[in-house]
Structures are given as structure tokens and as C-alpha cells.
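Undergrad: next one to model:
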Amino acid sequence: KQAAQNAQQQLAQIDAQRTHAEQRAAQAEKRASQAESAQKQAQQQLEQTHQQLQEAQQQLEAQGRDLTEQKQAHRQLEQELKDDRERWQHQLDQQRGEWSNQVDRQRVRAEGAEAHAHRVEAELKDALEEQKRMEDDLIKVNVSLEEHQRALMDAREKQQPAAMPAMPKLASRAGKKQER
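TA: Predicted coordinates for the structure are as follows:
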């Protein structure tokens with residue numbers, strides 16, 4: 001009876017140990033499953049991070065290419081601006097030269113015109129003086145002619161007192177000229 005009781009106890013103990021071992025195995029399996037799940041999650045995160053890194057690398061490369069293209073475009077634009085500035089400066093210098101030449105030509109022309117005007121003015125003054133001299137001479141000639149006619153008439157009157165009545169008309173005509 002005692003042996004049966006001992007055997008019963010041993011069986012109960014073994015059964016309890018087996019149950020405990022099964023529980024521990026189930027827990028270990030659960031922990032292993034959790035660890036595996038965590039590992040999978042970590043692997044996924046690692047892959048995502050790797051993918052994000054690759055995308056970031058590609059973006060950086062694309063930005064680098066864009067930056068290089070922008071730099072090239074900027075350099076090209078700078079060169080074009082420099083060329084344009086040089087071309088405009090050259091055109092401006094040419095235009096300035098042409099304007100300067102035109103101004104010089106106009107100044108020479110104006111000086112020539114002024115000198116010509118002075119010459120014409122001097123010639124006109126000389127001509128006016130000559131005309132006045134001629135008028136004075138004409139007046140003197142008229143006066144002299146009148147005096148000569150009067151003397152002639154006086155001489156004729158002394159020779160023939162009642163001679164020709166035509167002479168006084170001539171004298172009066174010369175007097176009219178003198179009055180003018």
C-alpha cells in the first residue's frame with residue numbers, strides 16, 4: 001500500500017514536472033515566436049531604412065546633377081551677358097566716334113559758313129560804300145553839269161539876248177535831277 005502511495009506520488013510529481021516543462025516549453029516557443037516576429041520587424045525596418053537611404057542617395061545625385069546643370073546654365077548666362085556687354089560697348093564706342101565726327105564736320109561747316117557770311121557782309125559793306133561814292137560823284141557831276149549849263153546859257157544870253165527859249169527847260173530838268 002505504501003509502495004502504491006509512493007508510486008502514486010512519484011507519478012503525480014512526474015506529471016507536475018511534465019506539465020511545468022510543457023508550460024516552460026510553450027513559453028519558450030512563445031518567446032521564440034516573439035523574437036522571430038521582432039527580428040522580422042527589425043529586418044523590415046532595416047530594409048525600409050536601406051530603401052530610404054537609396055532614395056535619399058538618388059535624390060542627392062539628382063540634386064547634384066541639377067546643381068551642376070544650374071551652374072553650367074549660370075556660367076553660360078554670365079558668358080552671354082559678358083558678350084552682350086562687350087558688343088554694346090563696341091557699338092556705343094562706334095556710335096560715339098560717328099557722333100564726334102559729325103559734330104566736327106558740322107563745326108567745320110558752321111565755321112566755313114560764318115567766314116563766308118563775314119566775307120559777304122564785308123563785300124556788301126564795300127558795295128554800299130562804292131554805291132554811296134558813285135551817288136556822291138553823280139550828284140557832283142549833276143551840280144557841275146548844271147553849273148556848266150547855266151554858264152553856257154549866261155554866255156548865250158550875253159551873245160543873243162532873245163535867242164532860243166529851249167535851254168531853260170533843259171536847265172530846269174537838271175535842277176529836278178538835283179532835287180531828287
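
Undergrad: could you use CA atoms for every contact and neighbour count after this?
TA: Fine.

Undergrad: from residue 105, how far out is residue 112?
TA: Distance of residue 112 to residue 105, given as C-alpha to C-alpha, to the nearest Å: 10 Å.

Undergrad: what's the distance between the residue nearest to the spatial centre of the chain and residue 77?
TA: For the chain, residue 88 is the residue whose C-alpha lies nearest the centre (C-alpha atoms, centre = their mean; 8.2 Å). To residue 77, residue 88 is 16 Å away according to C-alpha to C-alpha.

Undergrad: ok, now residue 71?
TA: Residue 71 is 10 Å from residue 77, by C-alpha to C-alpha.

Undergrad: one more: residue 83?
TA: Relative to residue 77, residue 83 is positioned 10 Å away (C-alpha to C-alpha).

Undergrad: export stretch 76-91 as CSV, just CAs?
TA: Below are the C-alpha coordinates for stretch 76-91, written out as CSV (Å, rounded to 0.1, in the frame of the first residue of the first chain):
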residue,chain,number,x,y,z
GLN,A,76,26.6,80.2,-69.9
LEU,A,77,24.3,83.1,-69.0
GLU,A,78,27.3,85.1,-67.5
GLN,A,79,29.2,84.5,-70.7
GLU,A,80,26.3,85.7,-72.8
LEU,A,81,25.9,88.8,-70.6
LYS,A,82,29.6,89.5,-70.9
ASP,A,83,29.5,89.1,-74.7
ASP,A,84,26.4,91.3,-74.9
ARG,A,85,28.1,93.9,-72.7
GLU,A,86,31.2,93.9,-74.9
ARG,A,87,29.1,94.1,-78.1
TRP,A,88,27.1,97.0,-76.7
GLN,A,89,30.3,98.8,-75.5
HIS,A,90,31.8,98.3,-79.0
GLN,A,91,28.6,99.7,-80.7
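
Undergrad: name the element the residue nearest to the centre of the chain belongs to?
TA: Assigned by DSSP states H and E, residue 88 belongs to helix 2-159.

Undergrad: what helices or strands is that helix leaning on?
TA: Using 3 or more C-alpha pairs under 8 Å, 6 or more residues apart in numbering; DSSP states H and E, the elements in contact with helix 2-159 are helix 167-179.

Undergrad: who touches stretch 84-104?
TA: Residues external to stretch 84-104 that are found in contact with it (C-alpha atoms under 8 Å, 6 or more residues apart in numbering): none.

Undergrad: mind listing what's buried along that stretch?
TA: By neighbour count with 16 or more other C-alpha atoms under 10 Å, stretch 84-104 contains no buried residues.
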